[in-house]
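Engineer: Turn this into a model:
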Amino acid sequence: MDSYRAEHTLQTVLYIARLCALEEFGSAIQLGLRPDQIETIRSLSILDLQELALSIRAHAVTVRIAPEPFDAALRIVQSRSDERELIFAMIRAGAHSRMMNALFGLNTLCFSNYRKVLELSDEGIGRPEIPTEHAQKSIWSAWIEFDGLSDKQRYLAVHRETGIPLRNIWSLIHEWEKTGLTPFLDVSERREM
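Structural biologist: Take a look at the predicted model:
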């Protein structure tokens, strides 16, 4: 038996032993074990389990994956990975903790830890600056342009379009939503921006 197969068999035997020790008999039976085999496995020492793994022929242990649940698990993992990448992109783009809490539910500690992972300094933390009138018009123009995106994607798209940190964009958008006072854009300004 090659080393890969031997390791796989040992891990499978240890998993079965754990199931038996935890009295997860239904799971052990689903794996193909009989009740008498479960009782025997429960009485084996670690050394005995290793010996059992070494003595099992390759065809005695097989693993099958149920495709539909496995696909669902892969989609969940991909979704979480995509969200983590979006979180990282937004933090790099200057999002502050209130924004990340509102959009992703991140608490301050988690936000700070992500900033450390990304090796970001504390520069730019604090009260956002008020952008110039021209920058505000650029933000508003981009905000209108990216209307069809989700809020998370929309904020990031506006940042990428304008180069303005997300903390400033977030503050302005919330102020505009609260007051209803947005920059006036005439047709020529929309084309220039």
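Engineer: Test my guess that residue 38 contacts residue 25.
Structural biologist: Yes. Residue 38 is within contact range of residue 25, at 6.0 Å (criterion: Cβ atoms under 8 Å). Where you see a C-beta, it was placed from the backbone N, CA and C, and this is true even at glycine.
Engineer: These two: who's more crowded?
Structural biologist: residue 38 (19 against 15; other Cβ atoms under 10 Å).
Engineer: Run through the residues that contact the more buried one.
Structural biologist: 20, 25, 28-29 (Cβ atoms under 8 Å, 6 or more residues apart in numbering).
Engineer: ok, now how distant is it from residue 22?
Structural biologist: Using Cβ to Cβ, to the nearest Å, we find residue 38 at a distance of 12 Å from residue 22.
Engineer: now do residue 167
Structural biologist: Applying Cβ to Cβ to residue 167 and residue 22 gives a distance of 49 Å.
Engineer: More neighbours: those two, which one.
Structural biologist: residue 167 (22 against 10).
Engineer: need the contact list for that one.
Structural biologist: When contacts are taken as Cβ under 8 Å, 6+ apart, residue 167 is in contact with 94-96, 99, 124, 128.
Engineer: Remind me which helix or strand it belongs to.
Structural biologist: Assigning secondary structure by DSSP states H and E places residue 167 in helix 166-179.
Engineer: distance between that helix and the chain's centre?
Structural biologist: 26 Å (Cα atoms, centre = their mean, to the nearest Å).
Engineer: coming back round to it: type out the ChimeraX command that picks the buried ones from the contacts of residue 167.
Structural biologist: Only the buried members of these end up in this ChimeraX selection, burial being decided by 16 or more other Cβ atoms under 10 Å:
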select :94,95,96,99,128
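Engineer: Tell me which two in the contacts of residue 167 are the farthest apart.
Structural biologist: Distance extremes for the contacts of residue 167: the farthest pair is 99 and 124 at 13.0 Å, using Cβ to Cβ.
Engineer: how about residue 6, what does it touch?
Structural biologist: 53-54.
Engineer: try 7 Å
Structural biologist: residue 54 (Cβ atoms under 7 Å, 6 or more residues apart in numbering).
Engineer: buried set for the host helix or strand of it?
Structural biologist: Secondary structure assignment for residue 6, by DSSP H and E: helix 3-21. Neighbour-count burial for helix 3-21, counted by 16+ other Cβ under 10 Å, picks out 8-10, 12-13, 16-17, 19-20.
Engineer: so where do the helices sit in this protein?
Structural biologist: 3-21, 25-30, 35-42, 46-55, 67-92, 97-104, 108-117, 133-145, 151-162, 166-179, 187-192 (DSSP state H).
Engineer: low pLDDT regions in the chain?
Structural biologist: Scanning the chain for pLDDT under 70 picks out 1, 58, 123-126, 186-193.
Engineer: okay, now the domains of it?
Structural biologist: 3-60, 67-117, 133-192 (automatic domain parsing).
Engineer: So which of those domains is the most surrounded?
Structural biologist: Most buried of these by mean neighbour count (mean count of other Cβ atoms under 10 Å) is domain 133-192; its value is a mean of 16.
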